[in-house]
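[1] how would this look folded up:
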Amino acid sequence: MPQVREAAGFVLACVADGEPRYLLLRSANHQTWGAPKGHLEPGETPLQAAVRETLEETGIDDLDVITDFHREFSYEVTGRSRGSYLKRVHYFLALTPKALHVQSDEHDKSAWYTLAEVSEMLEYPQIKQVFREADALLRKRR
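    This is a model prediction of the structure:
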């Protein structure tokens, strides 16, 4: 069985004019879009890692975490530097009152997008499904 490495992040929403917009970041290394996330540090829970990574990657610390949303999926990674491993990713949902954010050096683009735009920009079906479920929960809560 391959080694498991865990990461965590947020589907981060800001509601403007009654419509949620979601923060996406584009990796400067491989040019793919995603949510703020990163690997867990020793002793960290997935939620603690998501909060830390969001602050590191966006400067956002004003988070209203939706406690009944937690999605998780895994996939196999094969790389030259780290070998093969199973990556387990946890996503939580949070609202932030302001769209203002900073962009880390890990990313070359970042902005807030509608769900339709997010669905076009994201590459993998699993993360697209996470965003759809997050959006559905936010709309149900209104």
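
[2] tell me which residues in the longest helix seen in the chain are buried?
    Using DSSP state H to define each element, the chain has its longest helix at helix 125-141. Using 16 or more other CB atoms under 10 Å as the test for burial, helix 125-141 gives Ile127, Lys128, Val130, Phe131, Ala134, Asp135, Leu138. To be clear about C-beta, it is placed using only N, CA and C from the backbone, and glycine gets the same treatment.

[3] Tell me how far the last one lies from Val102.
    Distance from Leu138 to Val102, counting by CB to CB, to the nearest Å: 24 Å.

[4] Identify the single longest strand in this protein, thanks.
    In the chain, assigned by DSSP state E, the strand with the most residues is strand 64-79.

[5] The helix or strand just after it to strand 64-79, inter-axis angle?
    Downstream of strand 64-79, the first helix or strand assigned by DSSP states H and E is strand 83-95. For strand 83-95 against strand 64-79, the angle between stretch directions is 160 degrees (axes from the mean of the first three to the mean of the last three CA atoms, to 10 degrees).
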